[in-house]
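1. Give the three-dimensional model of this entry:
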Amino acid sequence: MVMSCTPQQKKLVYPETAKVDTVDVYFGTPVPDPYRWLENDTSAATTVWVEAQNKVTNEYLNQIPFRENLLKRLTALADYEKISAPIKKHGKYYFSKNDGLQNQNVFYVQDSLNSEPRVFLDPNKLSEDGTVALTGLYFSHDGKYTAYSISRSGSDWSEIYVMDTETGKLLEDHIEWAKFSGASWQGDGFYYSAYDAPTKGKEFSNVNENHKIYYHKIGEPQSKDRLIYQNPSYPKRFYSASVSEDEQVLFLFESGAGRGNNLFMRDLNKPNSPFIPLTTDFDYQYSPIEVIGDKMYIYTNYGAPKNRIMVADINQPELENWKELVPESEAVLSGAEVIGGKLFLTYDKDASNHAYVYDLDGKQLQEIELPSLGSVGFSGNKDDKECFFGFTSFTIPGRPINTIWTQIPMNSTALPKYSSTRMISLQNRSSSRAKTV
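-> Purely as a prediction, here's the structure:
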């Protein structure tokens, strides 16, 4: 039976790979590297080698008799509608949908849960040949602008574009040579991380050094972007920035030298204020969840291998002043959001998510009963009156089973079992239902 399912066996003859006499010496030990020449990915010799390797591979794959049937079966299994849980931004609802086999999900917007959705951004139209991928979508805090980042041909290099949120009109703003970066808004501009433009012809083979953070103001060319942070003493480290929702605090993340990250902050209420280092090591992960008033809520594994929630005062933000809010538990804390003035915490236990609601003083209010064993994700902002979540499992796909969002009072713990994506009301009101996508 095995022989009937595989191509006739014949000896594969691989192209001979040339060797060079390259030797590095590390602490007195010689280490040969005969294939160093293949690191020059733009050379003619490397191109010829790749083409020869591909020829051998494709000839073998083309002999497999069940390959076409396997493709048809996998295609049929993937061909179903997929809809994400929405996010609410400035009174409107945004969600992504894939009809089944679209290369990229299409983003839609609704003015209300009862209105008809319309296309907001279709990444499949970013290029005719499908080689441009949408990698991020970032709304300004006032809702006026939407930045989105793209990648071309699978590259780590990112480009950032900006459009008018209301009209969808593309603005002239265009950022190049961003990498490992999003767009974090403050006022009429955003922070992003980038490298200096690489040498022409070496865009994909040059060593990236000196990651920098810039601020781009809408309407100005990239050449006028303001340098916010760089650290030439450590050229191989990575830096990124994030602004709190109320635009009070600018967080700076430093990584690339250990298992975790360092965290800095700048008070945006004080012009030209310095970055204050909150941590001084790379052994732990530090991730701000939200800033409310003078308090910063932080998700971290510092002193807690299974993670915990800590709180800090922005006037005394250093690590030694942090206080524990939700302690480490037996289950792994895998997600934390502040929505509607409450903490939504997700724990991993027995290969399944479990979700709980806490107040901002660290008191557990309720467990959210999920439809079954599976994975859950929440969306919402700190002042929202609504919270959406998407649920998926081995038997429930990550999409609505029907066209109803279920809306329940916050003090209820039992969610109906028939829908895989639901909305929780953060107001104490009677249960109701609202038609949506």
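2. going forward, measure contacts between C-alpha atoms and count neighbours the same way
-> Fine.
3. Stretch 136-155: how far from the chain's middle?
-> Shown here is stretch 136-155, whose average C-alpha point lies 12 Å from the average C-alpha point of the whole chain (Cα atoms, centre = their mean, to the nearest Å).
4. Can I get it in CSV, CA atoms only?
-> Listed in CSV are the C-alpha atoms of stretch 136-155, where the atom choice follows Å, rounded to 0.1, in the frame of the first residue of the first chain:
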residue,chain,number,x,y,z
GLY,A,136,-1.0,46.0,10.4
LEU,A,137,-3.9,48.5,10.8
TYR,A,138,-3.6,51.4,13.2
PHE,A,139,-6.3,54.0,14.0
SER,A,140,-5.4,57.5,15.3
HIS,A,141,-6.9,58.2,18.7
ASP,A,142,-9.3,60.8,17.3
GLY,A,143,-10.4,58.5,14.5
LYS,A,144,-9.3,60.9,11.7
TYR,A,145,-6.6,58.8,10.2
THR,A,146,-5.8,55.2,9.7
ALA,A,147,-2.3,54.0,9.0
TYR,A,148,-1.6,50.6,7.6
SER,A,149,1.6,48.7,7.0
ILE,A,150,2.5,46.4,4.1
SER,A,151,5.2,43.9,3.3
ARG,A,152,6.3,43.1,-0.3
SER,A,153,7.1,39.6,-1.4
GLY,A,154,7.4,38.3,2.2
SER,A,155,10.1,40.7,3.2
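5. Residues contacting it, please?
-> By Cα atoms under 8 Å, 6 or more residues apart in numbering, the surrounding residues in contact with stretch 136-155 are 89-90, 131-135, 157-166, 182-188, 204, 245.
6. how near is Asp361 to Thr279?
-> The span separating Asp361 from Thr279 equals 24 Å under the rule Cα to Cα, to the nearest Å.
7. of the two, who's got more company?
-> Thr279 (16 against 11; other Cα atoms under 10 Å).
8. In three-state terms, label that one for me.
-> coil (DSSP: H, G, I helix; E, B strand; the rest coil).
9. show me the contacts for it.
-> 262-264, 318-319.
10. Then Lys382?
-> Contact partners of Lys382, counting by Cα under 8 Å, 6+ apart, are 290, 338-342.
11. tell me which of those residues is nearest to Ala312?
-> The nearest member of the contacts of Lys382 to Ala312, counting by Cα to Cα, is Glu290 at 10.9 Å.
12. which sections of the chain are below the confidence cut-off?
-> Flagging of the chain using pLDDT under 70 yields the residue ranges 1-9, 398-437.
13. So which residues of the stretch 1-150 of the chain form helices?
-> The residue ranges that make up the helices of the stretch 1-150 of the chain, judged by DSSP state H, counting those that start in this stretch, are 44-61, 67-78.
14. Give the bridge partners for the residue positioned nearest the centre of the chain, please.
-> Nearest residue to the geometric centre of the chain (Cα atoms, centre = their mean): Gly136, 7.4 Å. Following DSSP bridges, Gly136 is listed with bridge partners Ser149.
15. quick thing: my sequence starts at 433, can you match it?
-> Understood, numbering begins at 433; the last thing we discussed is Gly568.
16. so how far is Phe539 from it?
-> Gly568 sits 12 Å away from Phe539, taking Cα to Cα as the criterion.
17. cool, Gly735 as well?
-> 40 Å.
18. Between those two, tell me which one has more neighbours.
-> When neighbours are counted by other Cα under 10 Å, Phe539 comes out ahead of the other of Gly735 and Phe539, with 21 against 11.
19. can I assume the more buried one is in contact with Asp531?
-> No. Under the criterion of Cα atoms under 8 Å, Phe539 is not in contact with Asp531, lying 11.7 Å apart.
20. Contact partners for Ser804?
-> Ser825.
21. again, but for Pro667
-> 641-643.
22. give me the element it is part of.
-> Using DSSP states H and E, Pro667 maps to neither a helix nor a strand.
23. again, but for the one 4 residues further on
-> Counting by DSSP H and E, the element that carries Tyr671 is strand 670-675.
24. Name the next helix or strand following that strand along the chain.
-> Note on strand 670-675: by DSSP H and E, the next helix or strand toward the C-terminus is strand 681-687.
25. Identify the residues contacting stretch 773-787?
-> With contacts defined as Cα under 8 Å, 6+ apart, stretch 773-787 is touched by 763-770, 788-792, 799-802, 805-808, 810, 814-815.
26. just to revisit the earlier point, what's the most buried one of the helices of the stretch 433-582 of the chain?
-> Each of those was scored by mean neighbour count; the highest is helix 476-493, a mean of 12, by mean count of other Cα atoms under 10 Å.
27. then that one to PDB, C-alphas only?
-> Once non-C-alpha atoms are left out, helix 476-493 reads as follows in PDB (Å, rounded to 0.1, in the frame of the first residue of the first chain):
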ATOM      1  CA  ALA A 476      25.000  34.900 -10.100                       C
ATOM      2  CA  ALA A 477      26.600  31.700  -8.600                       C
ATOM      3  CA  THR A 478      24.000  31.600  -5.900                       C
ATOM      4  CA  THR A 479      21.200  32.100  -8.400                       C
ATOM      5  CA  VAL A 480      22.400  29.200 -10.500                       C
ATOM      6  CA  TRP A 481      22.700  27.000  -7.400                       C
ATOM      7  CA  VAL A 482      19.100  27.800  -6.300                       C
ATOM      8  CA  GLU A 483      17.700  27.100  -9.700                       C
ATOM      9  CA  ALA A 484      19.400  23.700  -9.800                       C
ATOM     10  CA  GLN A 485      18.100  22.700  -6.400                       C
ATOM     11  CA  ASN A 486      14.600  23.800  -7.300                       C
ATOM     12  CA  LYS A 487      14.700  21.700 -10.500                       C
ATOM     13  CA  VAL A 488      15.500  18.500  -8.500                       C
ATOM     14  CA  THR A 489      12.800  19.200  -5.900                       C
ATOM     15  CA  ASN A 490      10.100  20.000  -8.400                       C
ATOM     16  CA  GLU A 491      10.800  17.000 -10.600                       C
ATOM     17  CA  TYR A 492      10.400  14.800  -7.500                       C
ATOM     18  CA  LEU A 493       7.200  16.500  -6.300                       C
END
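28. show me where the stretch 683-832 of the chain has strands.
-> Listed in chain order, the strands found in the stretch 683-832 of the chain under DSSP state E, counting those that start in this stretch are 694-699, 708-709, 718-724, 727-732, 740-745, 755-758, 764-771, 774-781, 784-790, 796-800, 807-811, 818-824.
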